[in-house]
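Enquirer: Structure, please.
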Amino acid sequence: MAWVVQFNRGVWLPQIGWWLDAQLGAPRSFVSHAHSDHIARHQSVLCTPATARFMQARLGGKRAHTLLGFDQPHALELGCEVRLQPAGHILGSAMFHATTEHGTLLYTGDFKLRPGLAAERCATPRADVLIMETTFGKPRYVMPPSAEVAAQIVAFCQQALAEKITPVLHAYSLGKTQEVLRIVGDAGLPVQLHPQSFRMTQLYEQCGLEFAPHAEFHAVTHPGHVVISPPQADFLHLIHPRRTAVVTGWAVDSSAKYRYGCDAAFPLSDHADFPDLLAFVDLVQPKIVYTLHGFAREFAATLRARGVEAWAIGQQNQMELSL
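Expert: Predicted structure coming up:
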């Protein structure tokens, strides 16, 4: 069959009646991971068990779940079989790999090919049609080696603590906090977490991941600790003196620390950088690529220059994908 793919605040596959990462409540949606821009109050969701746990903690409410482990086959409509493959973005993040008698389709959601400390290793299944996230789809977005960035983060914290200043690391509460916690905690530094970050870390632990000792933030006992909090947290006035840093892939841009209002910025990302994006396409070997988010048009143009048929989507449009 020819896949019909529509985009309107999420990818819609009308022939099988499923949304992929719908941003508004839908009757049925695959949810790649539980970051706020990928979840909504759907009636029924298809996802991994970890994503369901995080989504429930963030949204509450009741919904029907189809929970799949990685590479577990599941039959959908019209002879379509789907398997979820690890995306390497955060714990439980998954890609949607659909197979019919006519061919295969892979939707990545957010993904990262480089190995991380708080997510499963990304898979690279072959697919005829690839719908991929391209947040860092320009050549300038090349992340330095993760070990190098981790050493810089630890040194930043050690220096602040030696000067009796509290280092505050800004990181999203789900996924990035746990990566940063493993970096500074495994370096032997005492850590306190913003309450929201602490709650997400408890869920990580319930899913089987282990972390160095840490505690929830306390206004009295925080001196002498590294504090990890979401960006723009509402408790910074309780921390004096403090030295702040943001941990984000956008730190590749030299202006990042000024844009985030921090003393430092460290380029550690849970998204694929530009070399990752190119390598992923080479490994999946699609016949056609559709790019989503970030620098989608620029990356599609790069692929076309390399001889790969590729087009950006993200506005209301419809395409016939012949498999």
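
Enquirer: now the helices for the stretch 201-323 of the chain?
Expert: For the stretch 201-323 of the chain, the helices defined by DSSP state H, counting those that start in this stretch occupy 256-259, 274-284, 296-305.

Enquirer: Could you pull up the mean pLDDT of the lengthiest helix in the chain?
Expert: If you go by DSSP state H, the chain has its longest helix at helix 146-162. Per-residue pLDDT over helix 146-162 has a mean of 98.

Enquirer: count of residues packed around the nearest residue to residue 51 once chain neighbours are set aside?
Expert: Closest residue in space to residue 51, ignoring its immediate chain neighbours: residue 92 at 4.4 Å, by Cβ to Cβ, 6 or more residues apart in numbering. Just so you know, the C-beta spots here come from the backbone N, C-alpha and C atoms, and that holds for glycine as well. Using other Cβ atoms under 10 Å, residue 92 has 28 other residues around it.

Enquirer: With the one 5 residues further on instead?
Expert: The local packing of residue 97 (other Cβ under 10 Å) involves 21 other residues.

Enquirer: name the element it belongs to?
Expert: Element membership for residue 97, per DSSP states H and E: strand 94-100.

Enquirer: Report the next helix or strand after that strand in sequence order.
Expert: From strand 94-100, the next helix or strand downstream (DSSP H and E) is strand 103-107.

Enquirer: what angle do that following strand and helix 274-284 make?
Expert: For strand 103-107 against helix 274-284, the angle by axes from the mean of the first three to the mean of the last three Cα atoms, to 10 degrees is 160 degrees.

Enquirer: Which strands or helices does strand 103-107 pack on?
Expert: Judged by 3 or more Cβ pairs under 8 Å, 6 or more residues apart in numbering; DSSP states H and E, strand 103-107 is in contact with strand 94-100, strand 129-133.

Enquirer: got the angle between it and strand 94-100?
Expert: 160 degrees.

Enquirer: gap between strand 103-107 and the chain center?
Expert: 20 Å (Cα atoms, centre = their mean, to the nearest Å).

Enquirer: Name the strands paired with that strand and say parallel or antiparallel.
Expert: strand 94-100 (antiparallel), strand 129-133 (parallel) (DSSP bridges).

Enquirer: Redo the ones you listed as TSV? Include mean pLDDT and distance to residue 82.
Expert: What follows is those, written out as TSV (pLDDT from 0 to 100; distance: least, Cβ to Cβ, whole Å):
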stretch	mean pLDDT	distance to residue 82
strand 94-100	95	5
strand 129-133	96	14
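
Enquirer: Point out the most buried one among those strands.
Expert: Most buried of the strands paired with strand 103-107, by mean neighbour count (mean count of other Cβ atoms under 10 Å): strand 129-133, with a mean of 26.

Enquirer: any idea how far it is from the chain center?
Expert: 15 Å.

Enquirer: same deal with stretch 226-245?
Expert: 23 Å.

Enquirer: So what touches it?
Expert: 153, 156-157, 160-161, 164-173, 177, 180-181, 184, 189-194, 196-197, 217, 219, 222, 246, 257, 260-266 (Cβ atoms under 8 Å, 6 or more residues apart in numbering).

Enquirer: How is the protein divided into domains?
Expert: 2-140+271-322, 146-266 (automatic domain parsing).

Enquirer: How about the contacts made by residue 279?
Expert: residue 113.

Enquirer: about what we covered before: pipe the helices and strands packed on strand 103-107 into JSON lines and attach distance to residue 57 per row.
Expert: Below are these laid out as JSON lines (distance: least, Cβ to Cβ, whole Å):
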{"stretch": "strand 94-100", "distance to residue 57": "18"}
{"stretch": "strand 129-133", "distance to residue 57": "23"}
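
Enquirer: which residues sit in contact with residue 121?
Expert: Applying Cβ under 8 Å, 6+ apart, we find residue 121 in contact with 86, 88, 115.

Enquirer: hmm, 6 Å instead?
Expert: 88, 115 (Cβ atoms under 6 Å, 6 or more residues apart in numbering).

Enquirer: now swap in residue 284 and tell me
Expert: 124, 127, 130.

Enquirer: what about residue 56, how many neighbours?
Expert: 15.

Enquirer: give me the element it is part of.
Expert: Residue 56 belongs to helix 49-59, assigned by DSSP H and E.

Enquirer: Buried residues of that helix, list them for me.
Expert: For helix 49-59, a neighbour-count test (16 or more other Cβ atoms under 10 Å) marks 50-55, 58 as buried.

Enquirer: Then stretch 79-94?
Expert: 80, 82-94.

Enquirer: now do the same end-to-end measure for it.
Expert: 21 Å (Cα to Cα, to the nearest Å).
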